[in-house]
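In: prediction below, plus the sequence it came from.
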Amino acid sequence: MTRREFPKGFLWGGATAANQFEGAWKDGGKGISVADCARAKFDIDVKDYKKQNAITTEDVLKALETEDTVYYPKRRGSDFYHHYKEDIALLAEMGFKCFRMSIAWSRIFPNGDDSQPNEEGLAFYDRVFDELHKYGIEPLVTMSHYEPPINLVLNYDGWYSRELITLFTRFVETICTRYRDKVKYWLTFNEIDSMIRHPYTTGGLIEDRFPGKNFEEVIFQAMHHQFVASALATKICHEIIPGSMVGCMLTKRTYYPYSCKPEDVLLTQQNMRGTYCYSDAQVFGEYPSYLLARFKNKGINIVKEPGDDAIMKQYPVDFVSFSYYSSQCIAEPREGLEHAVGNNSTAYKNPYLPSSEWGWQIDPIGLRISLVDLYDRYRKPLFVVENGLGAKDVVKEDGTIDDQYRIDYFSGHFKAMLDAIEYDGVDLMGYTSWACIDLVSESTKQMSKRYGFVYVDSDDYGKGTFKRKRKKSFGWYKKVIATNGASLFEA
Ligand code: BGP
């Protein structure tokens, strides 16, 4: 059998996000972000995303009055801020070619509207990028990954305010200028579409601050500002860093009709369009007709400034990155079907697929289907920037951590990726697993929902030594990277 391996130069790596990983929420001159004010709700069902994501202005004001890090897990994360040298050495030991991370806006402009950037924050990321380059690891940097400064929520109404476009592009200009020789791969906004599912986290929007307004319209207005800001960020990046590549980042939903009943198939198609409309806007540089139709049918009016359409059209992204964890089934509501959840969404359970402990269904073929769909739609290079299995890893008596279930998850998904490349002609730039080192879960704020090849000794309440431990999957992934995927097919 001919040796199968990934294309030469395939960017193998792993992903993190500042707000879930760095900790040090006030160190080095950092300002407070929306993530620092989101209290954990360990008493709430992890599958109840509505309740997990709900937040009020009062909640935020209460958070600002306390230094507590027990019930504000994103204030401590995995303390990457103080462990970055050790962590990057572990990534290098696995042979990483690429490391996805985000720059916390509030570390650079503590309040978002400061007249000058925070030099200590800029210097921190200089050190991180230098450390990565020491090992030949290419940074893939997300400009906005759920971490706007809280000041922009309380004094500007978050992304609903058009001023955020100016403040954000100033942040982009600052980081592109500072890191022009260190970073060539950038993503603008993490999962712009997630603004609908968690408007506070993604857009700094709190419903009680918009009395009497149609909050859905507020969300789409904020999303419009992010679309314009994303296009301008692409422009700025290309101007300051010749040869740089800028990508959008989509929550890749993958829906199957629960049955061949035409109503189920139609609903599935509608749900898929409800996913693609956001990447369409950033790849084609215009609102797709069915999103405009949706606005019209729901009476949603988006206020645009003259020139917005031209900016979006003129500065589309260079590649399409996305997160893929699981697939779900769509059907006309009817009795007797079991529900399943996945990444802040609920649909119907696929009887042919197993589920994680958090109810996310495990579907490697779904990743191949997603890659083919996205490549056929956009004909642009793709990048899988989030994929992984959240699980309750256990440290055994002998100190080892046997996460064979995670190896099985990755093995199936990696083979699916190679099939998409070799058999379906997909142009795939690279892969960064979520999350290469254990960190705080975005939706549930748990440390116990572990994703890493590296275990972090901290529990949901922040108790522990924060020591790092290699899991079984660490050595397995190291071999996959060393053989560029060929070891996947060894007996
Ligand atoms: C994605 C986010 C990541 C990550 C991931 C896993 O939507 O981009 O930040 O958190 O979801 O979700 P969770 O952490 O809730 O398990």
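Out: Here it is on my side, so go on. Residues are numbered from 1 along each chain as shown.
In: C-alpha only now, for contacts and for neighbours.
Out: Noted.
In: who's in contact with the spatially closest residue to Gly204 that is not a sequence neighbour?
Out: Closest residue in space to Gly204, ignoring its immediate chain neighbours: Gly158 at 4.4 Å, by C-alpha to C-alpha, 6 or more residues apart in numbering. By C-alpha atoms under 8 Å, 6 or more residues apart in numbering, the contact set of Gly158 is 152, 164, 203-205, 222.
In: my guess is Asn190 contacts His145. True?
Out: Yes. Contact criterion C-alpha atoms under 8 Å: Asn190 and His145 qualify, at 5.0 Å.
In: which bits of the stretch 201-350 of the chain sit near the ligand?
Out: Neighbours of the ligand within the stretch 201-350 of the chain, by C-alpha under 6 Å from any ligand atom: Asn343.
In: count residues in the vicinity of whichever residue of the stretch 201-350 of the chain sits closest to the ligand, would you?
Out: Nearest to the ligand in the stretch 201-350 of the chain, going by C-alpha to the nearest ligand atom, is Asn343, at a distance of 5.6 Å. Residues lying near Asn343 (other C-alpha atoms under 10 Å) number 21.
In: next one: it from His198, what distance?
Out: For Asn343, the distance to His198 (C-alpha to C-alpha, to the nearest Å) stands at 11 Å.
In: sorry, back to before: check contacts around the residue of the stretch 201-350 of the chain closest to the ligand.
Out: 325, 360, 443.
In: dihedrals phi and psi, the nearest residue to Asp208 once chain neighbours are set aside?
Out: Closest residue to Asp208 apart from its sequence neighbours, by C-alpha to C-alpha, 6+ apart: Thr56 at 6.5 Å. Dihedral angles of Thr56 (phi, psi; degrees, to the nearest 10) stand at phi -120, psi 170.
In: counting neighbours, what do you get for Thr56?
Out: Neighbourhood size, Thr56 [other C-alpha under 10 Å]: 15.
In: check the one 3 residues further on too.
Out: Applying the criterion other C-alpha under 10 Å, we find 13 residues in the vicinity of Asp59.
In: about what we covered before: look at the residue of the stretch 201-350 of the chain closest to the ligand and report its pLDDT.
Out: As predicted, Asn343 sits at a pLDDT of 77.
In: equivalent analysis for Val46, please.
Out: For Val46, the predicted pLDDT is 84.
In: neighbours of it, how many?
Out: The local packing of Val46 (other C-alpha under 10 Å) involves 18 other residues.
In: hmm, Leu234 is touching Val317, no?
Out: No Leu there; residue 234 is Thr. Yes. Counting by C-alpha under 8 Å, Thr234 does reach Val317; the two are 6.7 Å apart.
In: which neighbours do these two have in common?
Out: Joint contacts of Thr234 and Val317 (C-alpha under 8 Å, 6+ apart) are Val246.
In: next step: the contacts of Gly158 restricted to helices.
Out: If you go by DSSP state H, the contacts of Gly158 have 152, 164, 203, 222 in helices.
In: check contacts around Leu418.
Out: 5-6.
In: meant to ask about Gln116
Out: With contact taken as C-alpha under 8 Å, 6+ apart, Gln116 is in contact with Phe109.
In: same question, Lys449
Out: Contacts of Lys449 by C-alpha under 8 Å, 6+ apart are 390-392, 440-441.
In: repeat that for 10 Å
Out: By C-alpha atoms under 10 Å, 6 or more residues apart in numbering, the residues touching Lys449 are 357-358, 389-393, 438-442, 459-460.
In: neighbour count added to the ones in helices among the contacts of Gly158, as CSV?
Out: Formatted as CSV, the ones in helices among the contacts of Gly158 follow (neighbours: other C-alpha atoms under 10 Å):
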residue, neighbour count
Leu152, 23
Leu164, 22
Gly203, 27
Ala222, 27
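In: so how many other residues sit close to Gln52?
Out: Burial of Gln52 is recorded as 22 neighbouring residues (other C-alpha under 10 Å).
In: distance of it relative to Tyr477?
Out: Distance from Gln52 to Tyr477, by C-alpha to C-alpha: 33 Å.
In: can you pull out the helices in the stretch 151-300 of the chain?
Out: Secondary structure of the stretch 151-300 of the chain, counting by DSSP state H, counting those that start in this stretch: helices at 151-154, 163-178, 199-203, 215-240, 262-283, 289-298.
In: contacting residues for the closest residue to the ligand within the stretch 51-200 of the chain?
Out: Using C-alpha to the nearest ligand atom, the single residue of the stretch 51-200 of the chain nearest to the ligand is Asn190, 6.1 Å away. Asn190 makes contact with 17, 102, 142-146, 202, 247-251, 321-323, according to C-alpha under 10 Å, 6+ apart.
In: that's all I had, so thanks and see you.
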